[in-house]
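Enquirer: when you get a sec, could you give me coordinates for this:
(2 chains)
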Amino acid sequence: MMDITPAHYMILSAALFTIGVIGVLVRRNIIIIFMSIELMLNAVNINLVANARHLENLVGQAFVVFVIAVAAAEAAVGLGILLAFFRNKETVNIDEMNLMRW
Amino acid sequence: MFLDLIWLIPVLPGIGAAVNGLLGVRYFGKSVAAAVACGTMGVALLLSIGAFVQLLGAEHREHVVTLAQWIPPIPLETVSGLGAFEVPWAFRLDPLSGMMILIVTGIGFLIHLYSVAYMDHELDGAYARFFCYLNLFCFFMLTLVLGSTFLVMFVGWEGVGLSSYLLIGFWYQKNSAADAGKKAFIVNRIGDWGFILGIFLIFFTFGTLDFRAVAEAAAEMPVEAGAFGVLSAICLLLFVGAVGKSAQIPLFVWLPDAMEGPTPVSALIHAATMVTAGVYMVGRNAVLFSHAPMVMTIIATVGAVTALMAATIGLVQTDVKKVLAYSTVSQLGYMFLATGVGAFGAAAFHLMTHAFFKALLFLGSGSVIHAMNDEQDMQKMGGMKLYMPVTFITMFVGSLAIAGVPPFAGFFSKDEILYRTFLSNKLLWGLAVVTAGMTAFYMFRLIFMTFFGDYRGPSWGHPDGEARGDADQAADVGDPHAAPDHGHAWQGPHESPSLMTVPLMLLAVGAGVAGFVGIPAALGGANAIEHFLEPSFISAGGAHLEEAEHAVAHLSQAAELGLMALSVLVAVGGIALAYYLYVRRPERSAQLATNWAGAHRVLTNKYYVDELYDATAVRGIVAGARGLWTVDRSVVDGAVNGTGWVTRASSWVSHVVDKYVVDGMFNLLAWICAEGSYVFRRVQTGLIQNYALATLFGVVAFVTMYLIARYIG
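Expert: The predicted model follows:
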């Protein structure tokens, strides 16, 4: 059984982040996109935690707590917007959301 | 008490005019309009009499009432430095103006009464309008005579001109009446021009416009004998004004035409009062004029020549009012002759007597005209004494008075003028005597043609054309109260209603006895009126005029009586000649007219003066006006139009530049932006994922560049 090195964490983090990015870019359901964004945030969190452990610096760990708090707030605001939008348009399809066009 | 109320004398008729003018024309019936006009005049007459009586009793026979300040003091440059130009609304009652207000209100009141009947066939509105104008005239005339400064007098002076214009053109539907009104107004303008220039010069010379102050100042100055100084210039300018208003040569042409107005107007304005304003004004400034002997000579000459010329024209006129009009011009000439020889008192005396008998004659002629259904041609009258005895007798008295037959009024005043002229200038005296003979002749020609001989007028009948018999006619004559009913068929000549005959009778009494206030010393009288008026003609010092009076050579009483007898003889001769030519041998007058066809034609055409003025002044002015109009049209309008064209052309160029160059640049820019935006706005899809993708590409690109820079570069 090989040792788990920071590289592993980074690969995992990079993989999760990539999945999140792809999810954001290709999915049409805005809830899925939200989930993908959470995925990207948590990929960053893994990276921070892993490196905090590796560098023996607690700032990284504390930072993660902030990220989680911000993510929670972001989810709350985002879902609020989403609900308002749904009430108007009766859809969660992001292709219908083109109000900001030219 | 009355002396302090003299301001009411002009104001009352003014109120009457305002009431009749503002309300009467719309709302008043005839009786109310007449009551307003006659009532105000009647009260003004009573006030005048009261004021006059008090003036007679006063120690100092001059009273000034200042109502208000009209023009507050304005510093103005004068000869003697800075003077204060100030004009109060002040009225001055002295012997001269006292006599004038009695004439204006007295005769004015009688003529108002007469008009009540005479104008009866006018419509209600026109009736009130007539009385409004008549009252307005009295207002201005009284302002004129009572005014204590030149400018107040000038207000009245212009006002009577206006009223005269309004009344001459009263029947404005008639073209000739409208034209006559304009003629009177325009000819008077020429005189007024001289008058106001004279006023300017007076202020510039004396620094005041008050009559008394001017007289005092002028009395201090030397008499301009043999030199034409500033006083002479002032007097000449004032005399130009008097010439216009009093119808002297060369401005007399308006007065005969003024007969287009209603006859009471002719009597009041164009015989008794307004036309004598010139004489009054010269008399009012007697001190001034006495200092300008050259101008006095001019005045005397103009007066005498006017008197003679108008009298000759009067010899051949056939329109009854025209005869009287020329007679008025002639008598005004007499008055100016008197002022010209320094006999201001005699002039004022003649003014007064003339007011009586000429108003009487005009009103009498109006009565005849009325009776003849508005016929004015004496050739179509004749025998009228049968139909209208009162008119006949009163007019006969008036004619005796104007002819100068003693003891009627005209004899005394005319004789005084002749006597004073004889002392001063024998040639002018000769002219005046000839004029006196002519006056007697043409006045009795009028009487004989109108009242004597056979009736030559049109026949009359019922509306159905049936001729009426003499019995019906006699019934008409017997009823002087029968209302003149011109709405229906004319029912032959008839005596006028008593409202018209009573003023005639009163005036006839005046024409009979008015002369007794001026019985000359030669006949044992005291010449009361001249002594009464004298304070008005001298300055407060008054020395020089007295001296001048003493310097005048007096004739012996016998010579004076001889002159008097001569003038009576001339008058009686004129009357006799008229009797011979128009009653005894009427065919002789026609024969004379054919024998002397040339002279007759010249006289009938009034010496062609109207034609001369038409050919020179009127045509000249019209041609000048046309010339100026052409200049106006081509040069002035051309310049304006040219400027307009240039402006339009330059604005068109500016417009083109603006539209294609300036606008073009902005449109091009806008077009570029618009076209460019079609390309670039494609980026803005509004789809978040596209933006995220772009962000990703950016990140990838930066990372790639970083890596390349890090590991390869």
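
Enquirer: from here on, contacts and neighbour counts on C-alpha atoms
Expert: Fine.

Enquirer: identify the residues contacting residue 73.
Expert: The chain I'm using is chain A. By CA atoms under 8 Å, 6 or more residues apart in numbering or on different chains, A:A73 lies in contact with nothing.

Enquirer: chain B is the one I meant
Expert: B:A84, B:F85, B:E86, B:V87.

Enquirer: could you list the buried residues of the one helix or strand the first one maps to?
Expert: When you say that, I think you mean B:A84. Assessed by DSSP states H and E, B:A84 sits inside strand B:81-93. Neighbour counts over strand B:81-93 (16 or more other CA atoms under 10 Å in any protein chain shown) mark B:G83, B:A84, B:F85, B:E86, B:V87, B:P88, B:W89, B:A90, B:F91, B:R92, B:L93 as buried.

Enquirer: what of stretch A:19-30?
Expert: A:I19, A:G20, A:V21, A:G23, A:V24, A:L25, A:R27, A:R28, A:I30.

Enquirer: can you give me every residue that contacts the last one?
Expert: When the contact criterion is CA under 8 Å, 6+ apart, the partners of A:I30 are A:V92, A:N93, A:I94.

Enquirer: pull out the buried members of the residues you listed.
Expert: Buried members of those, scored by 16+ other CA under 10 Å, are A:V92, A:I94.

Enquirer: inside helices: which ones of the contacts of A:I30?
Expert: Among those, none falls in helices (DSSP state H).

Enquirer: redo the contacts of A:I30 as JSON lines? Include pLDDT.
Expert: Converted to JSON lines, the contacts of A:I30 look like this (pLDDT from 0 to 100):
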{"residue": "A:V92", "pLDDT": "85"}
{"residue": "A:N93", "pLDDT": "86"}
{"residue": "A:I94", "pLDDT": "83"}
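
Enquirer: ok, so of the contacts of A:I30, who is nearest chain B?
Expert: Using CA to the nearest CA, A:I94 comes nearest to chain B of the contacts of A:I30, at 7.4 Å.

Enquirer: ok, now how distant is that closest one from A:I33?
Expert: 9 Å (CA to CA, to the nearest Å).

Enquirer: what's the burial count for residue 5?
Expert: Since no chain was named, I'll use chain A. 10 (other CA atoms under 10 Å in any protein chain shown).

Enquirer: switch to chain B, please.
Expert: By other CA under 10 Å, 14 other residues sit near B:L5.

Enquirer: enumerate every residue touching it.
Expert: B:L5 makes contacts with B:L47, B:A51, as judged by CA under 8 Å, 6+ apart.

Enquirer: try B:G156
Expert: B:F139, B:F140, B:M141, B:L142, B:T143, B:L144, B:V145, B:G147.

Enquirer: now narrow these to whatever sits close to chain A.
Expert: By CA under 8 Å from any CA of the partner chain, no member of the contacts of B:G156 lies near chain A.

Enquirer: just those now: which is nearest B:T353?
Expert: B:V145 (17.3 Å; CA to CA).

Enquirer: the inter-axis angle of the helix or strand hosting the closest one versus strand B:81-93?
Expert: According to DSSP H and E, B:V145 maps onto helix B:124-146. Per axes from the mean of the first three to the mean of the last three CA atoms, to 10 degrees, the angle that helix B:124-146 makes with strand B:81-93 is 120 degrees.

Enquirer: which strands or helices does helix B:124-146 pack on?
Expert: Where contact means 3 or more CA pairs under 8 Å, 6 or more residues apart in numbering or on different chains; DSSP states H and E, helix B:124-146 is packed against helix B:8-19, helix B:25-27, helix B:30-57, strand B:81-93, helix B:95-118, helix B:150-168, helix B:277-284.
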